[in-house]
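> coordinates for the following, if possible.
(chains A, B, C, D, E and F)
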Number of protein chains: 6
Amino acid sequence: MAVSARNQLKGVVLTLVKDNVMAEVSVDVGGGNTIVAVITRQSAETLNLKPGDDVTAVIKATEVMVAKE
Amino acid sequence: MAVSARNQLKGVVLTLVKDNVMAEVSVDVGGGNTIVAVITRQSAETLNLKPGDDVTAVIKATEVMVAKE
Amino acid sequence: MAVSARNQLKGVVLTLVKDNVMAEVSVDVGGGNTIVAVITRQSAETLNLKPGDDVTAVIKATEVMVAKE
Amino acid sequence: MAVSARNQLKGVVLTLVKDNVMAEVSVDVGGGNTIVAVITRQSAETLNLKPGDDVTAVIKATEVMVAKE
Amino acid sequence: MAVSARNQLKGVVLTLVKDNVMAEVSVDVGGGNTIVAVITRQSAETLNLKPGDDVTAVIKATEVMVAKE
Amino acid sequence: MAVSARNQLKGVVLTLVKDNVMAEVSVDVGGGNTIVAVITRQSAETLNLKPGDDVTAVIKATEVMVAKE
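Model prediction:
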């Protein structure tokens, strides 16, 4: 299944922190970049996410901003 | 000024496409990854964005999803 | 590939309107509900979206609000 | 009051889970579809949300993605 | 109807710019602040938005970032 | 550094509530308006946010809706 989200960066899960409702997942996407995702705890458990997993960080283009010096 | 957005990836503007209201900016963030941002045309003009500019792609962690095979 | 987005509603594309940068897609998801998505024109073309296509509307739970009378 | 959000699906609250800051609400919107919303705990309490309530799930069109096989 | 979105600022429409798909609306919310919204053209037309209208800018708390010097 | 986000409202932190993953920050932006932001706890700690701080609430225009009576 192909998703319309323009940004799909392959990486590896580094860390996972959970509350009752939310979970924070950090993903090493290469090039020295880490992407942090906040998803529901339920999603983290359904995907059985754990450090070392091969995953893809998915981001809709309308959610990205640009900053310039 | 430091922004709370957890994801701030340095890169270089590759392309820029504009409508009356919106603009699409693609940014090479290294590691073989390109990030596409959709911002307003007004923002693109205020920042005077053009190919070759050094910029930072900024993404709030709550906007990032995770996919797994 | 399984995505963390909690809301994934199967449906059929009804209409498609395009600008240079953005495209609007309406999807009949059953139960008398239509979901409207605004994605990039490039995504609509990469997925080759057209009326009648079987698709899935995907929505991150953090993007959903609740209203009550 | 009419809100610009294009997606407004009527339904019934199924479940509610709370943390200090966030709350997760699932809403049966008919047609076999359930929509999960993550809102603040404060909003859930201000609206006095509880299972069985008639509510509307509200989603801005720019937040919706489309996936295709 | 009460919406869970925590941020609801009353104001007056200043300007309106339209493409085929999107529209940009600026709203004077008092205190010297202007809020810019990008919504679909269809929503702008359904609400019959025009300069001088009394409106409310609505923003989900999860979409707000904080910056500090 | 200038960010493309069209909405940047200066204000003062009023309150701060934390979970393990998320934090809720309310900011008085003048004109009788308070903006509530939900960011990660880690961001709140990195910025060392506390009541009385001078901050800026930052909101991408695509995240703002408009409501009309």
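> elements contacting the strand ranked longest in chain A?
Ranked by residue count, the top strand of chain A under DSSP state E comes out as strand A:7-18. Contacts defined by 3 or more CB pairs under 8 Å, 6 or more residues apart in numbering or on different chains; DSSP states H and E place strand A:7-18 against strand A:22-28, strand A:34-40, helix A:41-46, strand A:54-59, strand B:33-40. Where C-beta positions appear, they are placed from N, C-alpha and C, glycine not excepted.
> kindly recompute the last result at 6 Å.
With contacts defined as 3 or more CB pairs under 6 Å, 6 or more residues apart in numbering or on different chains; DSSP states H and E, the packing partners of strand A:7-18 are strand A:22-28, strand A:54-59, strand B:33-40.
> what residues of it count as buried?
Within strand A:7-18, the residues that count as buried by 16 or more other CB atoms under 10 Å in any protein chain shown are A:7-9, A:11, A:13, A:17-18.
> C:Glu63: which of the helices and strands packed on strand A:7-18 is closest?
strand A:54-59 (12.7 Å; CB to CB).
> can the helix or strand following that closest one be found next to chain B?
For strand A:54-59, the succeeding helix or strand toward the C-terminus, using DSSP states H and E, is strand A:65-68. Yes: Strand A:65-68 is in contact with chain B by CB under 6 Å from any CB of the partner chain, via A:65-68.
> a markdown table for these, including distance to chain E, pLDDT and neighbour count?
Shown next, in a markdown table, are the residues of strand A:65-68 next to chain B (distance: CB to the nearest CB, whole Å; pLDDT from 0 to 100; neighbours: other CB atoms under 10 Å in any protein chain shown):
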| residue | distance to chain E | pLDDT | neighbour count |
| --- | --- | --- | --- |
| A:Met65 | 9 | 98 | 26 |
| A:Val66 | 14 | 98 | 25 |
| A:Ala67 | 11 | 98 | 19 |
| A:Lys68 | 15 | 98 | 16 |
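> switch those over to CSV; also include distance to F:Ile35.
Converted to CSV, these look like this (distance: CB to CB, whole Å):
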residue, distance to F:Ile35
A:Met65, 17
A:Val66, 22
A:Ala67, 20
A:Lys68, 25
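> so which of these is the closest to C:Val29?
Closest approach to C:Val29 among these (CB to CB): A:Met65, at 30.0 Å.
> pick the one among the residues of strand A:65-68 next to chain B closest to D:Val58.
Distances from D:Val58 to these, taken by CB to CB, are shortest for A:Met65, at 23.5 Å.
> which residue, neighbours along the chain excluded, lies closest to the closest one?
B:Val58 (4.3 Å; CB to CB, 6 or more residues apart in numbering or on different chains).
> near chain F, which residues of chain A show up?
A:17, A:19, A:22, A:24, A:62, A:65-69.
> between which two of these is the distance greatest?
Among these, A:Asp19 and A:Glu69 lie farthest apart (CB to CB), at 35.8 Å.
> more neighbours: which of these two?
Each of A:Asp19 and A:Glu69 has its neighbours counted (other CB atoms under 10 Å in any protein chain shown); A:Asp19 has more, 18 against 8.
> which intervals of chain A have sub-threshold pLDDT?
Residues of chain A meeting the criterion pLDDT under 70: none.
> possible to save the helices and strands packed on strand A:7-18 as JSON lines with mean neighbour count?
Output for these, formatted as JSON lines (neighbours: other CB atoms under 10 Å in any protein chain shown):
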{"stretch": "strand A:22-28", "mean neighbour count": "24"}
{"stretch": "strand A:54-59", "mean neighbour count": "22"}
{"stretch": "strand B:33-40", "mean neighbour count": "24"}
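> among those strands, which is nearest D:Asp54?
For the helices and strands packed on strand A:7-18, the distance to D:Asp54 is smallest for strand A:22-28, at 26.7 Å, taking CB to CB.
> sheet partners, orientation included, of that closest one?
Using DSSP bridges, the strands paired with strand A:22-28 are strand A:7-18 (antiparallel), strand A:34-40 (antiparallel).
> okay, angle between that strand and strand A:54-59 too, please.
Here strand A:22-28 runs at an angle of 110 degrees relative to strand A:54-59 (axes from the mean of the first three to the mean of the last three CA atoms, to 10 degrees).
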